[in-house]
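Q: Have a look; sequence and predicted model below, questions after that.
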Amino acid sequence: MSAAAPLPPSIHSIGSLPKVAWAKGSYVYDAAGKQYIDGSGGPAVYCIGHGNPEVNQAIKAQLDRVAHGYRYNFTSDALEELTEIIRARCGGTLQHMVYVTGGSEAVESCLKLALQYHAACGEMSRRRFIARERSWHGNTLGALSVSGFLERKKAFEGSLLDVSRLSPANVYRPVAGATAETAGEACAQELESEILRLGPEKFAAFIFEPVVGAAGGCVPAPPGYAKRVREVCDKYGVLMISDEVMSGAGRCGSWRALEADGVEPDIMAVAKGLAAGYLPLGAAIYSNKVADAIHGAHGAPMTGHTFTGHTACCAAGAAVQKIVAREKLVERVRDNEVVLKAMITEAMQGVEAVGDIRGRGYFIATELVANRNTRVPFPAEHKLYMRIRQQAFDNGLICYPVGGNVDGVNGDAVILAPPYNATSAELDEIVSKMAKSVRQVLAATGVG
């Protein structure tokens, strides 16, 4: 087996970056004129592609009137329109929201809402959170605390919250003693055991990703898992927080990712697909139960920022969501999931390193392993995921690599998260270039 060539020092860099010049639809162009097809919507953000004239016009029209009406002085048409859209898409009791400018802020707001809820209920002992390993919730200190992403956390250890941590819920890699069929129940029992170990009166909320993104590579909740988690949380008065920053807003074939699991959380975070990257936008959405307690005791949520409810950002979000609804793009994503998975499976035929192809909707990952039978990952020092990212970039494809998905150090996966409105030809180009890039890297490093 040949030694792998050295990579640049930064784990998040692929070397000297080209300068972006312009983009249209599924394609991005750099200043040198090179074309890239955006197979992952950047970091699963650009869900209706780039340069949409309807969205751009909505933003320009808002800017011509007023860019931002500060939340303590004004509401706005854009904010109220987006609020009604989100209420309709969420349905049920998720009818209240705090707008922010990104996913980390959305998760941070969810955590604060949970704490404020228990304070409003007179339960100040409920200060602790439960989360899972191999999860990613954001870069603010609270969101980072509940994340189970070793590489992104180690520089900040010592200043993070003390959080109860559970095993990943992964059918492909079930917890010890469980099978693919029993993984969901085993992980739900682990949650209940942790609540009982320290006492229910200690816990504010359990936070999890219905489909794990950056830290796991499109790992869906095992069948029945979310419903059991809902039961456990209700039994002990623990709030359920659904982090749908990556998986929500239609990415997984339903507007709420947990909708497919038949579950409504108490609080949820959404961001990336909400305004599709046209302007920064996210939201912490909370239920009537949470709202009644908080509004009754304190009048309003004690979270938010200068740019909460930013008028132009809300205008962008409303424009994006109207296009998504009018063109039935969430339904398109749902219906095409099986097509996209089949395309990837066919394109990767003969690649022995393919261990698992998984995900929901247009949020699909391919996990690579050194041995299919044992599911042992490749050694971390090879950093195959970064090499594949670089090779794909050289081949004119933007994809989303995942490293350490097995145990925080080892593991390689590649996420594809194309625009909801990508054409069949564009999907074919994305998948073909991904498969080509994987083959090239495996051959070049001598591990395939």
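A: Ah, there it is.
Q: Stretch 297-315 - what's its average pLDDT?
A: For stretch 297-315, mean pLDDT rounds to 97.
Q: And for stretch 248-263?
A: For stretch 248-263, the per-residue pLDDT averages 98.
Q: swap in stretch 417-424?
A: pLDDT averaged over stretch 417-424 gives 98.
Q: and for it, what are the contacting residues?
A: Stretch 417-424 is contacted from outside by 25-26, 38-41, 44, 46-49, 250-251, 324, 327, 329-330, 332-333, 340, 362-364, 400, 426-427, 430, using Cβ atoms under 8 Å, 6 or more residues apart in numbering. Every C-beta, even on glycine, is put in place using the N, C-alpha and C of the backbone.
Q: Can you flag which of those belong to helices?
A: Among these, the subset assigned to helices under DSSP state H consists of 41, 44, 324, 329-330, 332-333, 340, 426-427, 430.
Q: Dump those residues to a markdown table, plus distance to Ala215 and neighbour count.
A: Formatted as a markdown table, the ones in helices among the contacts of stretch 417-424 follow (distance: Cβ to Cβ, whole Å; neighbours: other Cβ atoms under 10 Å):
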| residue | distance to Ala215 | neighbour count |
| --- | --- | --- |
| Gly41 | 18 | 29 |
| Ala44 | 13 | 25 |
| Val324 | 26 | 26 |
| Leu329 | 26 | 21 |
| Val330 | 25 | 23 |
| Arg332 | 27 | 18 |
| Val333 | 22 | 26 |
| Leu340 | 22 | 22 |
| Glu426 | 28 | 19 |
| Leu427 | 26 | 22 |
| Ile430 | 23 | 28 |
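Q: Show me which of those is closest to Cys90.
A: Val330 (12.7 Å; Cβ to Cβ).
Q: The closest one against Asn336, yeah?
A: No - if you go by Cβ atoms under 8 Å, Val330 and Asn336 don't touch, sitting 11.0 Å apart.
Q: In this protein, what helix or strand scores lowest on average pLDDT?
A: helix 150-153 (a mean of 88; mean pLDDT, DSSP states H and E).
Q: Would you mind listing the buried residues in that one?
A: When neighbours are counted by 16 or more other Cβ atoms under 10 Å, the buried residues of helix 150-153 are found to be Arg152.
Q: Doesn't Phe393 lie inside a helix?
A: Yes - under the criterion used here (DSSP: H, G, I helix; E, B strand; the rest coil), Phe393 sits inside a helix.
Q: you'd agree it is up against Ile37?
A: No - judged on Cβ under 8 Å, Phe393 makes no contact with Ile37 at a distance of 11.0 Å.
Q: Between those two, point out the one with more neighbours.
A: Using other Cβ atoms under 10 Å, the more surrounded residue of Phe393 and Ile37 is Ile37, with 23 against 18.
Q: what's the more buried one in contact with, if anything?
A: 26-27, 396-398, 426, 429-430, 433.
Q: State the helix or strand in which Met240 lies.
A: Under the criterion of DSSP states H and E, Met240 resides in strand 239-244.
Q: Kindly export that strand (C-alpha atoms) in CSV.
A: C-alpha atoms of strand 239-244 as CSV (Å, rounded to 0.1, in the frame of the first residue of the first chain):
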residue,chain,number,x,y,z
LEU,A,239,-38.1,19.0,25.7
MET,A,240,-37.3,17.6,22.3
ILE,A,241,-35.2,19.8,20.0
SER,A,242,-34.9,18.9,16.3
ASP,A,243,-31.9,20.3,14.6
GLU,A,244,-33.0,20.6,11.0
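Q: Tell me how far that strand lies from the chain's centre.
A: Chain-centre distance of strand 239-244: 12 Å, with Cα atoms, centre = their mean, to the nearest Å.
Q: now the next helix or strand after it, how far from the chain's geometric center?
A: Per DSSP H and E, the first helix or strand lying C-terminal to strand 239-244 is strand 267-270. Put simply, strand 267-270 sits 11 Å off its chain's centre (Cα atoms, centre = their mean).
Q: contact partners of strand 267-270?
A: 86, 90, 94, 103, 106-107, 109-110, 113-114, 205, 239-245, 248-249, 256, 258, 282-287, 290.
Q: Isn't Phe363 up against Ile415?
A: Yes - taking contacts as Cβ under 8 Å, Phe363 lies within contact range of Ile415: 7.2 Å.
Q: Please identify which of these two sits among more neighbours.
A: Between Phe363 and Ile415, counted using other Cβ under 10 Å, Phe363 has the larger neighbour count: 29 against 26.
Q: intersection of neighbour lists for Phe363 and Ile415?
A: The contact lists of Phe363 and Ile415 share 44, 213, 218, where a contact means Cβ under 8 Å, 6+ apart.
Q: Return the distance of the last one relative to Gly69.
A: It stands for Cys218. 38 Å (Cβ to Cβ, to the nearest Å).
Q: These two: who's more crowded?
A: Cys218 (32 against 19).
Q: The most centrally placed residue in the chain: what's it in contact with?
A: Nearest to the mean C-alpha position of the chain, counting by Cα atoms, centre = their mean, stands Met246 at 2.2 Å. The contact partners of Met246, taken as Cβ under 8 Å, 6+ apart, are 43-44, 103, 209, 211, 213-214, 272, 363.
Q: Could I get the phi/psi values of it?
A: phi -90, psi -40 (degrees, to the nearest 10).
Q: Look up the closest residue to it, ignoring the ones flanking it.
A: Spatial nearest neighbour of Met246, chain neighbours left out: Gly213 (3.7 Å); criterion: Cβ to Cβ, 6 or more residues apart in numbering.
Q: any idea how far that neighbour is from Ser247?
A: Counting by Cβ to Cβ, the gap from Gly213 to Ser247 is 6 Å.
Q: more crowded one of those two?
A: Between Gly213 and Ser247, counting by other Cβ under 10 Å, Ser247 is the more crowded of the two (33 against 28).
Q: Is it correct that the more buried one is in contact with Ala214?
A: No - Ser247 is beyond contact range of Ala214, at 10.9 Å (criterion: Cβ under 8 Å).
Q: Please pick the buried ones from the contacts of Ile37.
A: 26-27, 396-398, 426, 429-430, 433.
Q: Off-centre distance for the helix or strand Lys322 falls within?
A: In the assignment (DSSP H and E), Lys322 maps to helix 311-326. Distance of helix 311-326 from the chain centroid (Cα atoms, centre = their mean) equals 20 Å.
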